[in-house]
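1. When you get a sec, could you give me coordinates for this:
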Amino acid sequence: MTASPSESTVSEAADALEEFADRVAAAVGGRAEVAHGTVKVRVAPSAWKEALTVTSGDLGLVFLSWLSATDWTNEVAVGDEPDEPVEERYELLCAVSDLSDGNLAIISTDLDHDSPSIPSVADVYPGANWHEREAAEMFGIDFVGHPDLTKLYLPDSFEGYPLRKDFPLLSREVKPWPGKVDVEDMPENGGGPSTENPGA
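-> Purely as a prediction, here's the structure:
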């Protein structure tokens with residue numbers, strides 16, 4: 001049986017995390033917050049690329065785990081509007097870490113909701129290449145200077161950005177969420193219901 005960590009050990013870990021957050025924020029010129037054991041530092045869009053250049057260099061956070069976006073909007077294609085209005089924007093997030101000590105920081109910035117655009121960091125973190133392509137395809141974010149923003153998943157003829165909250169999902173317009181298991185017509189069997197889930 002393992003012993004629970006002592007209060008002093010927990011306190012030391014929390015202090016170390018706060019110290020790391022302050023160090024990252026000072027280095028990239030951002031505002032840090034620590035929640036649920038995670039360091040998040042918000043920077044201005046104009047500081048995005050420079051901040052990630054600093055994290056990969058001076059701070060030694062050389063591993064990019066993921067890069068994605070969140071659509072903060074008041075208008076949704078289906079369902080009720082949010083109870084409290086939000087500032088409409090895309091929040092771009094990038095998780096970077098130091099593989100030797102396990103320190104991880106999420107660097108974030110806000111993008112204009114009407115024309116989201118930001119410099120690419122694929123030349124700083126080569127692993128960002130596909131993550132930026134996915135965010136461009138799913139959210140419509142323009143990563144300026146990216147070497148090849150071709151689509152990863154969708155056909156070239158596809159219109160719209162599926163992870164935007166205003167993207168119309170036909171199945172949710174017909175049957176609002178939450179609902180029962182979706183059973184959609186399958187064109188290959190004459191348009192009848194799917195037999196994959198006969199109990200639905």
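2. Go ahead and flag the most central residue of this structure.
-> residue 68 (2.8 Å; Cα atoms, centre = their mean).
3. surely that residue meets residue 132?
-> No. Applying Cβ atoms under 8 Å, one finds residue 68 not in contact with residue 132, separated by 9.8 Å. Every C-beta, even on glycine, is put in place using the N, C-alpha and C of the backbone.
4. circling back: beta partners for the residue nearest to the centre of the chain?
-> Beta-bridge partners recorded for residue 68 (DSSP bridges): residue 93.
5. quick one: buried residues of the strand or helix carrying residue 12?
-> Using DSSP states H and E, residue 12 falls within helix 7-28. Across helix 7-28, burial judged by 16 or more other Cβ atoms under 10 Å covers 20-21, 23-25, 27-28.
6. which residues sit against that helix?
-> Outside helix 7-28, the residues that touch it by Cβ atoms under 8 Å, 6 or more residues apart in numbering are 5, 30-34, 37, 39, 41, 43, 47, 50-51, 54-55, 58-59, 61, 103, 105, 107.
7. before we move on, what SS does residue 118 have?
-> Judged by DSSP: H, G, I helix; E, B strand; the rest coil, the three-state class of residue 118 is strand.
8. repeat for residue 55
-> helix.
9. isn't it right next to residue 105, touching?
-> Yes. Under the criterion of Cβ under 8 Å, residue 55 makes contact with residue 105 at 6.7 Å.
10. What count of nearby residues applies to residue 161?
-> Counted with other Cβ atoms under 10 Å, residues neighbouring residue 161 total 18.
11. shared neighbours of residue 55 and residue 105, which are they?
-> 24, 61, 96.
12. Let me know the closest of the residues you listed to residue 122.
-> Comparing the shared contacts of residue 55 and residue 105 against residue 122 with Cβ to Cβ places residue 96 closest, at 13.7 Å.
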